[in-house]
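Trainee: Dropping the sequence and predicted coords here.
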Amino acid sequence: MFITENKEHRLITQNFFDILEQNPAEINKKIAQSQNFMNAVRELIELCGDDPDRDGLEETPYRVLKAFLEYTEGYREDPKAHLMKTFDVDHQELVLVRDIEFHSMCEHHFAPFFGVAHVGYIPNEKITGLSKIARLVEGYAKRFQVQERMTTEIVEAIEEILEPKGIMVVIEAKHMCMCGRGIKKSNASTVTSSVRGIFADQPDARAEFLSLLQGRI
Ligand SMILES: [Zn+2]
């Protein structure tokens, strides 16, 4: 059993509690990796031209480690599990959850991207709690991601678990890798959508969904 003797160890054991219980050797590997990572952040600070030992930067490697574990919390859950509790309801019309805020991390630059997701589905007997849809979005956002894949993952999870007649997901996000670097377009936003079932087959259903988002995207 590893004795948690400093804050890095405590941070790792809190974040990987399941591993700690099942496989202590694996937790030692995580602790070693976290120490290597913090050393790498020190190297990065020096590489960029600053002093990793100065006051404001001294604790930065630990803070970056902590932040990254938070940005990637989605890896340590199964987002689909949020949808498992379903209710039988005789509702055959659109259920739309708008403006689900999320924060994610672009896997190409490790820069944040953030925005809102709009998730609509037409149930086929099974519905889920509305907050569960938001948790599903959160679970796929909190990992190294690209917006296009995140959109598809949300649609496919709902398709698999709720088996609805149709699903449509629209995500609008700003990417810091476009705002603060590269082409520096700070007002540009990216809209992605993914559709299945009725929304793919029937333009009227898609139009109804989009009319309910008017003024939002
Ligand atoms: Zn990027």
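Mentor: Looks like it came in fine.
Trainee: so the closest residue to residue 192 other than its chain neighbours is in which element?
Mentor: Nearest residue to residue 192 in three dimensions, chain neighbours excluded: residue 151, at 4.5 Å (C-beta to C-beta, 6 or more residues apart in numbering). Where C-beta positions appear, they are placed from N, C-alpha and C, glycine not excepted. For residue 151, the element it lies in under DSSP states H and E is helix 147-162.
Trainee: Give me the buried stretch members for that helix, please.
Mentor: By 16 or more other C-beta atoms under 10 Å, the buried positions in helix 147-162 come out as 147, 150-155, 157-159, 161-162.
Trainee: what does that helix contact?
Mentor: 79-80, 83-84, 86, 104, 113, 117, 119, 121, 123-124, 126-128, 133, 136-137, 140-141, 164, 167-171, 173, 175, 190, 192-197 (C-beta atoms under 8 Å, 6 or more residues apart in numbering).
Trainee: how about the nearest residue to residue 109, chain neighbours excluded?
Mentor: Of all residues not flanking residue 109 in the chain, residue 177 sits nearest, at 3.9 Å (C-beta to C-beta, 6+ apart).
Trainee: Next one: the one you found from residue 53, what distance?
Mentor: To residue 53, residue 177 is 29 Å away according to C-beta to C-beta, to the nearest Å.
Trainee: Residue 9 now?
Mentor: Distance from residue 9 to residue 53, counting by C-beta to C-beta: 22 Å.
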